[in-house]
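S.K.: Next one to model:
(chains A, B, C and D)
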2 protein chains.
Amino acid sequence: MARKTGSHSDITGPKVREAALALFAQHGFAAVSMRQIAAEVGVQAGALYLYTKDKQSLLYDLMQAHMDDLLAAWEVEPKGDGALAHLEAFARFHIRFHLERPDAVFIAYMELRNLSDENFAAIEALRRRYEGELEAILRAGQAEGVITAPDIRLTTMALIAMLTGVNTWYREGGRLSRDAVADIYWDMVRGAVGA
Amino acid sequence: MARKTGSHSDITGPKVREAALALFAQHGFAAVSMRQIAAEVGVQAGALYLYTKDKQSLLYDLMQAHMDDLLAAWEVEPKGDGALAHLEAFARFHIRFHLERPDAVFIAYMELRNLSDENFAAIEALRRRYEGELEAILRAGQAEGVITAPDIRLTTMALIAMLTGVNTWYREGGRLSRDAVADIYWDMVRGAVGA
DNA sequence: TTGATTTGAACAAGCGTTCAGTTATCAAGG
DNA sequence: CCTTGATAACTGAACGCTTGTTCAAATCAA
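M.R.: Next comes the predicted model:
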């Protein structure tokens, strides 16, 4: 039976994932060794295998948890009435959510090629589900006649790239607050879809 | 005196860079070994060191060559009259140039963290020069009163992210031709800057 | 005492890089 | 046209180190 209090595994487990997340984001999955992760946690390399099957699973678990968080958070996000309000909610949500966890976002975009085939397929499916959310909003907007876009699928990809791009340059404590950035990006999104 | 014809180094040198480009793009810099590159070229690992100082320089040379190509190609690109024509030229050029060399683009975006500090600074400087080109166009457009953007620097980053994003989903022989994609993206760019 | 947790050493394999030695290629001389 | 000598191009083995992973033994908390 698992120990309730004072159990180290309840502490070490999360610490392993946190350390792996930070190190993978900084140096890249392939460039980080299990010994580096272990050192960050304060443990010997062998102990990591009590918390992960292998290095590949460690990466996959991080990415999967991130995508699950993303989809779950969007599901409960207030969305307002009408396609345009829906679109604004999505843009603001996307920027906020991604700026709150830059390491996980970085890994989810950069380390796809280090996943095994099955793991890659699983993550890709989650990503497509998220893209599908935006795509549905745009189609609704088209049906309502509040947006004009010649190719919804293309617009979806363009908007996601633009919004995710914030992570590449935004620095905490910089010129603009997150809300100010979201305001400006929402304006650009609206313009791009002709609304 | 260097031999003129039949010299293998004139062939092997480029082959090394081509193989490294393809392998780095597919698996990532850190995940590719010198022996893998050598095998792709059809040579033993030691022979690579006749063509590159070390693995790090190989990466840097690829990225530098790519950025130089980019800046040189934009310099000679016909740009039309007025800021709006200029902006359209940039958008179409960016998409075309990037779609023509997806491997180099991928590496230039994904492997920055595997560069040494000096090499990173050098590549970043080139990237900023390119971003500066777009930024200057947007400022001119603002001065001419043909675009409306509350923050030019932000708009620059947003547009570049959106345009570069094409590389993540475009597949040769897909639904849309490159020109069709460029048409649609140019429409979105124009909308995003309120023109 | 029990069982979860961690150590520390070991494993075979692979890493980037170097270098003495071998092979291939061309220019010059006969 | 053939041989020779020079050198560019490359091999193959070796260097010291690091890699992911396993596991018997030690340590720890309850």
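S.K.: what's the weakest-modelled helix or strand in chain A?
M.R.: Lowest by mean pLDDT, DSSP states H and E among the helices and strands of chain A is helix A:9-27, with a mean of 94.
S.K.: Kindly state the domain boundaries assigned to chain A.
M.R.: A:1-52, A:54-192 (automatic domain parsing).
S.K.: which other residues reach stretch A:123-131?
M.R.: Around stretch A:123-131, the neighbours that count as contacts under Cβ atoms under 8 Å, 6 or more residues apart in numbering or on different chains are A:60, A:63-64, A:67-68, A:70-71, A:74, A:108, A:112, A:115, A:156-157, A:160. All C-beta atoms are positioned from the backbone trio N, CA, C, and that covers glycine.
S.K.: follow-up on the earlier one: how about the least confident helix or strand of chain A, does it get close to chain B?
M.R.: Yes. Using Cβ under 8 Å from any Cβ of the partner chain, we find that helix A:9-27 touches chain B at A:26-27.
S.K.: Counting by contacts, list what the helix or strand that that helix is followed by packs against.
M.R.: Next helix or strand after helix A:9-27 toward the C-terminus (DSSP states H and E): helix A:34-41. Here helix A:34-41 touches helix A:9-27, going by 3 or more Cβ pairs under 8 Å, 6 or more residues apart in numbering or on different chains; DSSP states H and E.
S.K.: give me that answer again for 10 Å
M.R.: helix A:9-27, helix A:55-75 (3 or more Cβ pairs under 10 Å, 6 or more residues apart in numbering or on different chains; DSSP states H and E).
S.K.: Comparing the domains of chain A, which yields the minimum mean pLDDT?
M.R.: Note on the domains of chain A: domain A:1-52 shows the lowest mean pLDDT, a mean of 88.
S.K.: any chance you could read off phi and psi for residue A:150?
M.R.: phi -70, psi -20 (degrees, to the nearest 10).
S.K.: hang on, it packs against residue B:180?
M.R.: Yes. Counting by Cβ atoms under 10 Å, residue B:180 is a contact partner of residue A:150 at 9.1 Å.
S.K.: give me the residue from chain A nearest DNA strand C.
M.R.: residue A:46 (2.5 Å; Cβ to the nearest atom of the strand).
S.K.: so that residue touches residue A:52, yeah?
M.R.: No. Counting by Cβ under 10 Å, residue A:52 is not a contact partner of residue A:46; they are 12.0 Å apart.
S.K.: Show me which of these two is the more surrounded one.
M.R.: Legend: neighbour count by other Cβ atoms under 10 Å in any protein chain shown for residue A:46 and residue A:52, higher for residue A:52 (20 against 10).
S.K.: distance of the spatially most central residue of chain A from residue A:24?
M.R.: Note on chain A: the residue nearest the mean C-alpha position is residue A:105, at 4.1 Å, using Cα atoms, centre = their mean. Applying Cβ to Cβ, to the nearest Å, the value for residue A:105 to residue A:24 is 12 Å.
S.K.: Spatially nearest residue to residue A:111 (excluding sequence neighbours)?
M.R.: The shortest distance from residue A:111 to any non-neighbouring residue, by Cβ to Cβ, 6 or more residues apart in numbering or on different chains, is to residue A:29 (4.7 Å).
S.K.: The one you found touches residue A:113, doesn't it?
M.R.: Yes. Assessed by Cβ under 10 Å, residue A:29 is found in contact with residue A:113 at 9.3 Å.
S.K.: Give the residues shared as contacts by the two.
M.R.: Listed as contacting both residue A:29 and residue A:113 by Cβ atoms under 10 Å, 6 or more residues apart in numbering or on different chains are B:28, B:31.
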